[in-house]
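Take this sequence and fold it.
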Amino acid sequence: MILNIAYIRTLVLFFAVGLFFAYGQQPAEKSKKIEIVSESDLTIDQEKYPGATIFNKSGDSQVQFRHQGIDVWCDVAVLYDQKNEVIAFGNVFLQQGDSLKMDSQYIAYDGNLKTAVAREKVVLRNDKMRLETEELFLDRNTQEAYYNNFGTIIDQENTLTSQSGKYYIIPRKNHFTNSVKIVNKDFTVESQVLDYYHITGNAYLYGATTITGQDYKVFCKRGFYDTRNEQGYFMKEAKIDYDFKTLVGDSLYFDKRKQFSSATNNIVITDTINKTIVKGHYGELHKAQDSMFITRKPLIITLVEKDSMYMHGKKILITGKEKNRVIRAFPEARIFKVDMQAKCDSIHSSEINGLTQLIGRPVAWSGESQMTGDNIHLISNLKTEQMDSLKVFDNAFVVEKDTLGDGYNQVKGKSLYGKFENNRLKRIDFIQNTESIQYVYDDKNQLVGINKLACSRIKLLLDEKQQIDSVVFITDPSGALYPEDQLHINDRKFREFVWRGDERIRNKDEIFSDEEKNMQPQPISGLKTPEENDIEEINKAFEIQEKTSEEK
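Residues are numbered from 1 along each chain as shown. The predicted model follows:
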């Protein structure tokens, strides 16, 4: 059988520290009876304390009693020798080795059960923390102290309060329930249930929790938070408000010092300033670089009244401040709008000038028109945030399937310029070396012939459905109207003709590939159990002590 060395070390340390704290480095042989070890004034009051012996302080010397590793000093001690119980009154001070010190005005101690109840201005303290409450229960067998009527804990960095809580002497942990609050100069934590380790400053969150920092806010129902470094890991309805964005996901990570946060599985990043929503299964926010990176089925939605735009690529990178952002989607980039769709290898979109570039085998669809070319640019109006114009450079080509037959209406040229009105493409101008093939019908929808013409410029006017309504030939067109049987089938398409209708994105769900549609979130390891946290925190405490010893 192979044993885990770290685990063995933890068990040994836990056992050794437990012995040290429990018995306070006292001799092995101890009396089971409570001992009065000071010279005190002795009285008996059978009416008030039947069966008890009353010890009063003598001058400035308080009454002192001892029991198996603890010493208690007080002004008055009422000892029930037969029951092995004692009640201490007035300026009570309890000490257990170097691990525990407690002040109060009253303590009732049971020597058989090794339990105590302290009341009135109770202060429990060690070298790492100070606990204040009005009533505290102490169990020396389990090395636990707990309160049920509000308590305040103060350590080097934080002030913690709760309605009820428990302090574990080993491993110096507080377990808080009901109205838990941590106050730090840089943040506050409010939680239903929380474990806090004083040596490391780590908090483990087990109920609805809100963390409010100077420029961030976190909500979760399960998580971990390093209060010394403002660093955390959050799950279960987790949400982070950071850098004017809201980050939601199955698992969230946050690091204030590095100005970094990330999300895994079913993530949604809402940017109200820039009117965008980003989705995916993994995302990163880098505040210092004003950047956002999303992968695993990423999608960015730009919110535009009545016609939002969806953009997708295998990866999406967003950089820059408000009004100066640049969005990159790559590879297999796609755009979907109700009135326009596009596809290419990569997209580069700049809010500085409203220019969106479709790079690498671009194709765009507006209405029933398919547009291709070496490069396609979409230009938005910066004031209205609506589509303004469209440019295609080199090998511009527009194809529209003939609605009454099997042919294709085609127009080509060196470049084209399109104009939008109310987000709908209304006009397309072809420039230089323009040619067209158009199927012509009469009023009875009978084919008249195929018009094949060339000229220096061609203008297309589109109807409300963004279909070609009319073709205007500018400056001396040349060509002819051919009867269908007189134009060879090979001459009915230009050499550059490519129909990509099967690639068209018909709705926002088709923006993803089949592989991405079936993509499942990756398994998340989750957070450890409280017992596992105890072992890990004891190991960390051991490492901190070793490092401190080496530095000395």
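
can you list contacts of stretch 48-57?
36, 38, 40-45, 63, 65, 74-83 (C-beta atoms under 8 Å, 6 or more residues apart in numbering). All C-beta atoms are positioned from the backbone trio N, CA, C, and that covers glycine.

give me the low-pLDDT residue ranges for this structure?
1-31, 305-306, 548-552 (pLDDT under 70).

the longest strand in it is where?
Using DSSP state E, we find that the single longest strand of the chain is strand 424-441.

Put the alpha carbons of that one into PDB.
Output of strand 424-441 as PDB, limited to C-alpha atoms (Å, rounded to 0.1, in the frame of the first residue of the first chain):
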ATOM      1  CA  ARG A 424     -31.900  47.400 -45.100                       C
ATOM      2  CA  LEU A 425     -29.800  47.300 -48.200                       C
ATOM      3  CA  LYS A 426     -31.500  49.600 -50.800                       C
ATOM      4  CA  ARG A 427     -28.900  50.300 -53.500                       C
ATOM      5  CA  ILE A 428     -25.800  48.600 -54.900                       C
ATOM      6  CA  ASP A 429     -23.400  50.400 -57.400                       C
ATOM      7  CA  PHE A 430     -20.900  48.300 -59.400                       C
ATOM      8  CA  ILE A 431     -17.800  50.100 -60.600                       C
ATOM      9  CA  GLN A 432     -15.400  49.200 -63.400                       C
ATOM     10  CA  ASN A 433     -15.600  46.200 -65.800                       C
ATOM     11  CA  THR A 434     -19.200  45.500 -64.800                       C
ATOM     12  CA  GLU A 435     -21.200  42.700 -66.400                       C
ATOM     13  CA  SER A 436     -24.600  41.200 -65.700                       C
ATOM     14  CA  ILE A 437     -26.800  38.200 -66.500                       C
ATOM     15  CA  GLN A 438     -30.500  38.700 -65.900                       C
ATOM     16  CA  TYR A 439     -33.500  36.500 -66.500                       C
ATOM     17  CA  VAL A 440     -36.300  38.700 -68.000                       C
ATOM     18  CA  TYR A 441     -40.000  37.900 -67.700                       C
END
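
who does that strand touch, helix- and strand-wise?
strand 387-401, strand 408-421, strand 447-462, strand 468-474 (3 or more C-beta pairs under 8 Å, 6 or more residues apart in numbering; DSSP states H and E).

T115 pairs with what?
D110, D139 (DSSP bridges).

Can you name the residues that contact the most centrally placed residue in the chain?
Nearest to the geometric centre of the chain sits L252, at 3.0 Å (C-alpha atoms, centre = their mean). The contact partners of L252, by C-beta under 8 Å, 6+ apart, come to V218, C220, Y233, F234, M235, A238, K239, I240, S261, S262, A263, T264.

same thing with L404?
Here L404 is in contact with Y439, Y441, N445, L447 (C-beta under 8 Å, 6+ apart).

quick revisit: let me have the helices and strands packed on strand 424-441 in TSV, adding distance to L527 and mean neighbour count as columns.
What follows is the helices and strands packed on strand 424-441, written out as TSV (distance: least, C-beta to C-beta, whole Å; neighbours: other C-beta atoms under 10 Å):
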stretch	distance to L527	mean neighbour count
strand 387-401	46	20
strand 408-421	51	21
strand 447-462	57	18
strand 468-474	60	15
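
Which of those sits closest to T529?
strand 387-401 (54.2 Å; C-beta to C-beta).

Arrange the helices and strands packed on strand 424-441 in TSV, one row each, with distance to E322 as further columns.
Below are the helices and strands packed on strand 424-441 laid out as TSV (distance: least, C-beta to C-beta, whole Å):
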stretch	distance to E322
strand 387-401	21
strand 408-421	24
strand 447-462	34
strand 468-474	39
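
just to revisit the earlier point, buried residues in the longest strand of the chain, which are they?
R424, L425, K426, I428, D429, F430, T434, E435, S436, I437, Q438, Y439 (16 or more other C-beta atoms under 10 Å).

mind listing the helices for the stretch 451-552 of the chain?
514-517, 530-551 (DSSP state H, counting those that start in this stretch).

Can you tell me which of those helices is packed in deepest?
Most buried of the helices of the stretch 451-552 of the chain, by mean neighbour count (mean count of other C-beta atoms under 10 Å): helix 530-551, with a mean of 14.

of the helices of the stretch 451-552 of the chain, which approaches Y310 most closely?
Here helix 514-517 is closest among the helices of the stretch 451-552 of the chain (C-beta to C-beta), at 13.3 Å.

Could you export the closest one as PDB, CA atoms only?
The C-alpha coordinates for helix 514-517 follow below in PDB (Å, rounded to 0.1, in the frame of the first residue of the first chain):
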ATOM      1  CA  ASP A 514     -22.700  21.200 -35.900                       C
ATOM      2  CA  GLU A 515     -19.700  20.400 -33.700                       C
ATOM      3  CA  GLU A 516     -20.300  23.500 -31.500                       C
ATOM      4  CA  LYS A 517     -24.000  22.900 -31.300                       C
END
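
quick one: contacts for the closest residue to D491 other than its chain neighbours?
Closest residue to D491 apart from its sequence neighbours, by C-beta to C-beta, 6 or more residues apart in numbering: K452 at 7.4 Å. By C-beta under 8 Å, 6+ apart, the contact list for K452 reads E435, S436, I437, G479, A480, L481, Y482, L487, D491.

how close does F430 sit to L416?
Distance of F430 to L416, computed by C-beta to C-beta, to the nearest Å: 5 Å.

For these two, list the residues in contact with both.
With C-beta under 8 Å, 6+ apart as the test, F430 and L416 both reach A396, V398.

quick one on the thing from earlier: can the helices of the stretch 451-552 of the chain go into a markdown table with extra columns for distance to A116?
Shown next, in a markdown table, are these (distance: least, C-beta to C-beta, whole Å):
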| stretch | distance to A116 |
| --- | --- |
| helix 514-517 | 63 |
| helix 530-551 | 24 |
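
how close does Q410 sit to E496?
Counting by C-beta to C-beta, the gap from Q410 to E496 is 9 Å.

before we move on, back to that, and the contacts of stretch 48-57, which of them are in strands?
Using DSSP E, the contacts of stretch 48-57 in strands are I36, D41, L42, T43, V63, F65, C74, V76, A77, V78, L79, Y80.

What is the nearest of those residues to F176?
Lowest distance from F176 to those (C-beta to C-beta) belongs to C74, with 29.5 Å.

Am I right that that closest one is in contact with Q105?
No: at 9.1 Å, C74 and Q105 do not qualify as touching, with contact defined as C-beta atoms under 8 Å.

Go through the ones in strands among the contacts of stretch 48-57 and name the one nearest D155.
Taking C-beta to C-beta as the measure, D155 lies nearest C74 of the ones in strands among the contacts of stretch 48-57, at 27.3 Å.

Give me the nearest residue to V76, chain neighbours excluded.
Once flanking residues are discounted, V76 sits nearest to F89: 4.3 Å by C-beta to C-beta, 6+ apart.
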